[in-house]
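In: Take a look and give me a structure for this.
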Amino acid sequence: MSSADGDGLVRRAASAAETETGLSDSKIEIARKFLYDEDESMSTLGEVFPVSVTSSSTNTNANANTRSHGYPSRNTRTGSGSGNRNRNGNLSGNNNGNRNDPNNPNNNNNNSSHSRTINTLVYHSKNSKHRGRKIFCAIVVAATIIVSIYGIERHQYHHRRGGRLQQFQTLILELGLTSQSDLETPGTAQHQAVLWLAESDGAGLRSNDPLALQRYALAVLYYGSAGTRDQLHPASTGHWIEPAHWLTKSGICYWHGVVCEGDDPNPDTAVDIEIDIETSTTDHHGFVRSLELSENGLDGPLPSELSALTRLYKLDLSRNSLTGTLPKSYASLTLLRDLVLRGNQIYGNIPSTYGHALSNLRQLNLGENKLVGPIPDQIEHMVELRSLGLDKNELTGTIPDLEDLTKLKQLVLDENQLKGPFPTRVCNLAGLVVLDLSRNHLTGVLPEELATLTRLEKLLLREMNLMGTIPPEIFKRVTRLTELALSDNKLTGEIPTTIGHLKDLHGFFLGENKLTGSIPRQVGLMSDLQSLELQGNNIDGTIPDIILALNGLEHMNVARNKLQGPIPTAIGHLHRLQTLFVEDNQLEGAIPSEIGNLQTLKQVRLYENKFEGSIPKEVCELTTDEELVYLGADCTKELTCECCTNCF
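Out: Coordinates of the predicted model:
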């Protein structure tokens, strides 16, 4: 073989390798085999890229046969006979020309030249001085092919990678899940999420798989609230309190806080117990039914991409540090039953579109955020609503008409800036169990229509500028109350004796009003009472002895009234009492030593009264046990106190 021939061979192979389609699949396979099986690959290499090999019994034949591969050989060995080269790539040097003929006496199947074709290639050469060049040419050809394969596969990899990313980006933009700016700007949660989905996600879902978008939506939530940009091990680098299995190749139904359709919402196996992922019933992809990540350290914007969870029934991200506004896209979550975002830093208005779109909601809890603006009138269309919690925000305007919410059990709107007259129409919500309108700018009187709320257990109307008297009829019918809070208003008149019907009452809060009269003896009928607050009124009379029936009482505050007489010795029976505030009254007499029986006492305020004598040693002994941390009294010649923590 001439040097020109060899160079031409190299040039032809290199030319074929320069283009993506220049190498056939058979060539690529041969080149791979060359790396691992020298004999077989060298033989086959001779077939696909034939070289001229000359022996002592051959002559150059210009009419050489064309290979079945479609690559003509540059030189074909000819002998005195047929001059044909067999299909195994061996070179014939005898006159018979067919070494595969079993009747040929010269055929030796054990000949090493037949089994090791590289020897045939090398040792049948006429001129041994060309052996090095021939071997060198073969190596160059193989190396060129390998380099070409690497370049093609590398190009194809980047093409596939770029194409996969483009597919996801196009789909996300077409569905309107994310803005193009957020999706393509490096560093955003959306950009990090789509990169992870297309390039790092071990699950490898296709872009046309509807469940892939759910992984994207959850990835946006994670990258936006976990404080990481890690693409390989995001779950171990974020600051979530519990990130178990998030952004791993596991099915999303196995991720912490995620429950899918058909899964048990309360699995028996705890998250911290090792489970075989391959056999776990929750390690699969499915449509997310519930996403609950309350108190999990989420810190970042509330992502609109969660609207991709189209079959979501419950979303609970409460007690985190999420920011941003309420996404309007959540209006598309028409199957949603519970939307709980309480205890975050979400600001802005409540989208009016929620009213019509989220008509299947059972619970809407957006309390303890920074929401502003009015409560949308459209909320009245949430006719399935059982609980509405918008408390502790900065909402303004009036309370809308909620008459159509006949299934409502909890209406909690306290600590806003709502104004207007008391919304008497809420009295038509006969199923109410909790009504809390406290700390707003509502005015008017306490309506007698509250008596229709016979299922009410908590009536909380603190700091509302309410005036007038307390209608006694309310407590004749509303008897299930466990908490009654009317403090910090401008209520007048006497405490109605009908409070004796409230036998389940735990908290009785009427402080800071303008109530008159005496403490009704019916207070003693509230045997489950734990807190009694009547401070800051104009109540006179004495402290009734019947309070001894309140053996569950823990807090008693009757300060700043006009009470007279002594502290009854029966107070020594209140063995659970922790605070006793009777300051700023007109109480007199000696301090009862029975107070020393109250081993649970932590604070006692006796000052600004007319007590005489000295603080009993039984009471002082409570301070030495470090249980009674505050004891305040008038330290005068009328009353001596050696153990008081504060003297007045």
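
In: Now do the helices in the stretch 401-550 of the chain.
Out: Ranges of helices within the stretch 401-550 of the chain are 474-477, based on DSSP state H, counting those that start in this stretch.

In: Also the stretch 201-350 of the chain?
Out: Using DSSP H, counting those that start in this stretch, helices in the stretch 201-350 of the chain cover 210-225, 234-237.

In: Mind giving me the packing neighbours of the first one?
Out: It refers to helix 210-225. Packing partners of helix 210-225 (3 or more C-beta pairs under 8 Å, 6 or more residues apart in numbering; DSSP states H and E): helix 131-175, helix 189-195, helix 234-237, strand 288-292, strand 299-301. C-betas here are computed from N, CA, C, even on glycine.

In: That one vs strand 288-292, what angle?
Out: Angle between the axes of helix 210-225 and strand 288-292 is 10 degrees (criterion: axes from the mean of the first three to the mean of the last three C-alpha atoms, to 10 degrees).

In: contacting residues around stretch 637-648?
Out: 591, 607-608, 610-615, 619-620, 623-624, 629-635 (C-beta atoms under 8 Å, 6 or more residues apart in numbering).

In: buried residues in it?
Out: Neighbour-count burial for stretch 637-648 flags 639, 641, 643-644 (criterion: 16 or more other C-beta atoms under 10 Å).

In: Also stretch 237-249?
Out: Neighbour-count burial for stretch 237-249 flags 238, 240, 243, 245-248 (criterion: 16+ other C-beta under 10 Å).

In: nearest to G397, of these?
Out: The closest of those to G397 turns out to be W240 (C-beta to C-beta; 36.9 Å).

In: So what does that closest one have for phi and psi?
Out: Phi and psi for W240, reported as degrees, to the nearest 10, are phi -60, psi 150.

In: so it sits right up against A226, yeah?
Out: Yes: counting by C-beta atoms under 8 Å, W240 does reach A226; the two are 5.1 Å apart.

In: Spit out the contact partners of the residue nearest to T188 when sequence neighbours are not counted.
Out: Distances taken as C-beta to C-beta, 6 or more residues apart in numbering place D182 nearest to T188, at 5.0 Å, with adjacent residues excluded. Counting by C-beta under 8 Å, 6+ apart, D182 makes contact with 188-191.

In: Quick check: the farthest pair among those?
Out: It's A189 and H191 that sit farthest apart of the contacts of D182, by C-beta to C-beta, at 7.5 Å.

In: Residues contacting the helix or strand containing L388, please?
Out: Element membership for L388, per DSSP states H and E: strand 387-389. Contact partners of strand 387-389, identified using C-beta under 8 Å, 6+ apart, comprise 342, 362-367, 379, 382, 402, 405, 408-413.

In: can you check stretch 247-261 too?
Out: 196, 201-203, 211, 214-215, 218-219, 222, 234-235, 242-246, 263, 265, 271, 277, 280, 282-293, 296, 311.

In: Of the buried residues of stretch 637-648, just say which sits nearest to L173.
Out: Distances from L173 to the buried residues of stretch 637-648, taken by C-beta to C-beta, are shortest for C644, at 73.4 Å.

In: Next, that closest one: phi, psi?
Out: According to degrees, to the nearest 10, C644 has phi -70, psi 140.

In: measure it to D634 for me?
Out: From C644 across to D634, the span is 9 Å (C-beta to C-beta, to the nearest Å).

In: picking up where we left off before, which of the helices of the stretch 201-350 of the chain comes out lowest on mean pLDDT?
Out: Between those, the lowest average pLDDT goes to helix 234-237, which shows a mean of 92.

In: got the buried residues for that one?
Out: For helix 234-237, by 16+ other C-beta under 10 Å, it's 234-235.

In: tell me what that helix is packed against?
Out: Short answer (3+ C-beta pairs under 8 Å, 6+ apart): helix 234-237 packs on helix 210-225.

In: give the contact list for the residue lying closest to A570 once chain neighbours are set aside.
Out: Take A570 and drop its neighbours on the chain: the residue closest to it by C-beta to C-beta, 6+ apart is L548, 3.7 Å away. L548 makes contact with 524, 568, 570-571, 573-574 under the criterion C-beta under 8 Å, 6+ apart.

In: Please state the offset of stretch 314-327 from the chain centre?
Out: Relative to the centre of its chain, stretch 314-327 is centred 9 Å away, using C-alpha atoms, centre = their mean, to the nearest Å.

In: can you check stretch 337-347 too?
Out: Taking mean C-alpha positions (C-alpha atoms, centre = their mean), stretch 337-347 and its chain are 12 Å apart.

In: So for that stretch, mean pLDDT?
Out: pLDDT averaged over stretch 337-347 gives 98.

In: Could I get the buried residue list for that stretch?
Out: 337-344, 346.

In: Could you dump those into CSV and include distance to G163?
Out: What follows is the buried residues of stretch 337-347, written out as CSV (distance: C-beta to C-beta, whole Å):
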residue, distance to G163
R337, 39
D338, 40
L339, 38
V340, 40
L341, 38
R342, 43
G343, 43
N344, 39
I346, 38
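
In: Buried residues in stretch 476-494, which are they?
Out: 478, 480-489, 491.

In: ditto for stretch 375-382
Out: Within stretch 375-382, the residues that count as buried by 16+ other C-beta under 10 Å are 375-376, 378-382.

In: residue ranges with poor pLDDT in the stretch 101-250 of the chain?
Out: Within the stretch 101-250 of the chain, the segments meeting pLDDT under 70 span 101-138, 140-162.

In: one more time with 90
Out: Scanning the stretch 101-250 of the chain for pLDDT under 90 picks out 101-163, 210.

In: Same check on the chain?
Out: The chain contains residues with pLDDT under 90 at 1-163, 210, 262-286, 547-548, 624-627, 636-637, 642.

In: Would you map out the domains in it?
Out: With automatic domain parsing as the criterion, the domains of the chain are listed as 3-97+110-152, 185-268+277-323, 542-648.

In: excluding its backbone neighbours, what's nearest L333?
Out: Leaving aside its sequence neighbours, L333 sits nearest to L312 (C-beta to C-beta, 6+ apart; 5.4 Å).

In: hang on, isn't the one you found packed against L306?
Out: Yes: using C-beta under 8 Å, L312 is in contact with L306, at 7.5 Å.

In: Which parts of the stretch 401-550 of the chain are strands?
Out: Using DSSP state E, counting those that start in this stretch, the strands of the stretch 401-550 of the chain run over residues 410-412, 419-421, 434-436, 441-445, 458-460, 466-468, 483-485, 490-491, 507-509, 531-533, 540-541.

In: Please compute how far the last one lies from its chain's middle.
Out: Distance, stretch centre to chain centre, for strand 540-541: 56 Å (C-alpha atoms, centre = their mean).

In: Same question for stretch 417-435.
Out: With C-alpha atoms, centre = their mean, you get 34 Å for stretch 417-435.

In: mind listing what's buried in it?
Out: Judged by neighbour count (16+ other C-beta under 10 Å), stretch 417-435 contains these buried residues: 418, 422-423, 426-429, 432-435.

In: Redo those as CSV? Include distance to I172.
Out: Converted to CSV, the buried residues of stretch 417-435 look like this (distance: C-beta to C-beta, whole Å):
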residue, distance to I172
L418, 40
F422, 49
P423, 44
V426, 44
C427, 49
N428, 46
L429, 43
L432, 44
V433, 43
V434, 42
L435, 44
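
In: Please identify which of these is nearest to R455.
Out: Nearest to R455 among the buried residues of stretch 417-435, with distances taken as C-beta to C-beta, is V433, at 5.6 Å.

In: what's the spacing between I346 and G536?
Out: 36 Å.
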